[in-house]
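Provide a 3D model corresponding to the input given below.
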Amino acid sequence: MKPIDLSIPLGVGTPAWPTYEPLQVKYFKRLAPNGANGQLVTHSNHVGTHLDGEIHFFTPDKYQLMHLEMFPFGIIHAECVGGDIDLLLNRRVKIGCFPWRFVQGESCVSRIVAFVDDDEHEELMAKKAKCKLTRYGDVARAGNQWLVDEANRKR
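Here you go, the predicted structure:
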């Protein structure tokens, strides 16, 4: 089994969910005098690929299926999944999600990965080699309509 990253790139340019704080990076030390950089990273938990936790959303007068109806059963959901997801159109894969062990967090930045067999991974990487990529190396759906067309033909 080999991984295919489904997380979107995370950096200061990653848009935060509306009304949430964006990611910010501040250096608190530079290489001199001890030869190491140090960064302070601050952000809301709704930046990039993340899971919403059970305490994220509770408004009794509003109906939100995923937030209010599923959480009591331990069903959570991921938001802002991307990366190379367009390589996996119309396929079944095993998914792994790796959130921080954030105690009492209302949501959590996460890494989400699809796992495919070695042969399938080789096939998908050959497909990726033909694709137009984003500046971060992910498959860009906008420049690869052929992936969508191919997935639709396989239905």
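
who's in contact with the nearest residue to N45 once chain neighbours are set aside?
Of all residues not flanking N45 in the chain, S107 sits nearest, at 4.0 Å (Cβ to Cβ, 6 or more residues apart in numbering). C-beta coordinates here come from the backbone N, C-alpha and C atoms, glycine included. Neighbouring residues of S107 by Cβ atoms under 8 Å, 6 or more residues apart in numbering: 45-46, 50-53, 56.

what do you get for M70?
M70 makes contact with 76-77, according to Cβ under 8 Å, 6+ apart.

check the one 3 residues further on too.
Shown in contact with F73 (Cβ under 8 Å, 6+ apart): no residues.

from G96, how far out is it?
21 Å (Cβ to Cβ, to the nearest Å).

dump the strand of greatest length in the chain to PDB, keeping only the CA atoms.
Counting by DSSP state E, the longest strand found in the chain is strand 107-116. Extracted C-alpha coordinates of strand 107-116, given in PDB (Å, rounded to 0.1, in the frame of the first residue of the first chain):
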ATOM      1  CA  SER A 107     -11.800  21.100  15.300                       C
ATOM      2  CA  CYS A 108      -8.300  19.900  14.300                       C
ATOM      3  CA  VAL A 109      -5.900  20.400  11.500                       C
ATOM      4  CA  SER A 110      -5.400  17.000   9.900                       C
ATOM      5  CA  ARG A 111      -3.500  15.100   7.300                       C
ATOM      6  CA  ILE A 112      -5.800  13.000   5.100                       C
ATOM      7  CA  VAL A 113      -4.300  10.300   2.900                       C
ATOM      8  CA  ALA A 114      -5.700   7.700   0.500                       C
ATOM      9  CA  PHE A 115      -4.000   4.300   0.500                       C
ATOM     10  CA  VAL A 116      -3.800   2.300  -2.800                       C
END
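
now, among the contacts of S107, which is nearest to L147?
Among those, H50 lies closest to L147 (Cβ to Cβ), at 25.3 Å.

for the closest one, grab the count of nearby residues.
Neighbourhood size, H50 [other Cβ atoms under 10 Å]: 28.
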